[in-house]
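**Q** Here is my input, please return the structure:
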Amino acid sequence: MIRIIALTDAGQVLGKRLQTLVPNSELHFKPKPFAETVQDFFREGDALLFICATGIVMRTLAPVIESKLQDPPVLVLDELGRFVIPLLSGHEGGANQWGSDVAKVLNAELVMTTANAYLNPVYTLGMGCERNCPLEYLESLMLEGLERVGLAPEQISGLYSIDIKADETHLIELAKKYQWPFMTYSAEALKAVEPLLSTRSDYVFNTVGVYGVAESAALLGAQRLTNASPELRLNKIKNPKATCAVARAYQI
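**A** This is a model prediction of the structure:
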C-alpha cells in the first residue's frame, strides 16, 4: 500500500491528483494523531509519499527508522509538485526508482541525493515453474511482471533459476526467444541471498532447498553480474504453474 500524506490544502489537491495516477495508493489529509498514524504506516512497511517539509518527515520518522535494508521507501514532495525527493531507502527500498516514476507522471524534477544516481541499473529475471510448464504460462507471467515495474524485455540482462530447472525446456525456449542468457544456481548458492527475500515458503524449501526460487535466482544473478548488493524490483508474482521476480543491482 502507498500512503499519500498531505498537511496543507494545496498539498491535498496534489494528493488527490496523485491518488488517481499512482496505483494502490490512499490519501491521508492531516491524519490524527499524526505521528502515531504515520509511524504505524512505516512499521507496517507501507511506502510513504509526503507532501510537506522534509524536516517534519524526519522528525516524525526518526524514532522508527531501523536500516536501509528494512525500512520502506519514503518520498517527499513540495505542495506544488515541482520537486520529488527520495528521502529514505533510496537504493535498497526502491525510493530512487519510485521517485523517478512519480517525477515523470507529474513532470517534476527528481532531486537525487544518493550515489546511485551515477550508477547503471542491471535488471535480472528469476523464474520457477512446475516440471514441463507450458511456454505460454511462463511468457505471460514474465510480461505481466515486467509491465508492473515498467520494464521492457530488452532491459533484462538474463533469466535465472535453480539448477534442477537447468533442463526445463520452455525456460530455455523463453530465454532464447528474448535473447537472454539462461543460468541456474544450486540451492546452496541461492541461500546467500536468503535475507533479501520478500516472502519465504516452507513448502518450496522442503521441496527444493530454498525459500523462494524466483526471488533467490533473480537476486543472485544481479549480484554476480555487478558484484554489488542486489534488491528486489518486483516481488514474486505467480500463476498456477510458474513464479516470477525481478531484481536490480547497480554497477558503475
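**Q** residue contacts, the nearest residue to residue 164 once chain neighbours are set aside?
**A** Distances taken as C-beta to C-beta, 6 or more residues apart in numbering put residue 208 closest to residue 164, at 6.3 Å, once the chain neighbours are dropped. No exception for glycine: its C-beta is placed from N, CA and C like everyone else's. By C-beta atoms under 8 Å, 6 or more residues apart in numbering, the residues touching residue 208 are 162, 164, 187.
**Q** Tell me where the stretch 101-250 of the chain has strands.
**A** 109-110, 120-129, 156-162, 182-185, 231-238, 242-251 (DSSP state E, counting those that start in this stretch).
**Q** now these in a markdown table, with mean pLDDT and distance to residue 146?
**A** Output for the strands of the stretch 101-250 of the chain, formatted as a markdown table (pLDDT from 0 to 100; distance: least, C-beta to C-beta, whole Å):
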| stretch | mean pLDDT | distance to residue 146 |
| --- | --- | --- |
| strand 109-110 | 84 | 22 |
| strand 120-129 | 93 | 8 |
| strand 156-162 | 97 | 7 |
| strand 182-185 | 97 | 17 |
| strand 231-238 | 94 | 8 |
| strand 242-251 | 92 | 7 |
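**Q** Any chance of JSON lines for those, columns distance to residue 215 and mean neighbour count?
**A** Below are those laid out as JSON lines (distance: least, C-beta to C-beta, whole Å; neighbours: other C-beta atoms under 10 Å):
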{"stretch": "strand 109-110", "distance to residue 215": "27", "mean neighbour count": "14"}
{"stretch": "strand 120-129", "distance to residue 215": "6", "mean neighbour count": "24"}
{"stretch": "strand 156-162", "distance to residue 215": "10", "mean neighbour count": "24"}
{"stretch": "strand 182-185", "distance to residue 215": "12", "mean neighbour count": "20"}
{"stretch": "strand 231-238", "distance to residue 215": "5", "mean neighbour count": "21"}
{"stretch": "strand 242-251", "distance to residue 215": "4", "mean neighbour count": "24"}
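**Q** out of these, nearest to residue 54?
**A** Closest to residue 54 of those, according to C-beta to C-beta: strand 109-110, at 14.7 Å.
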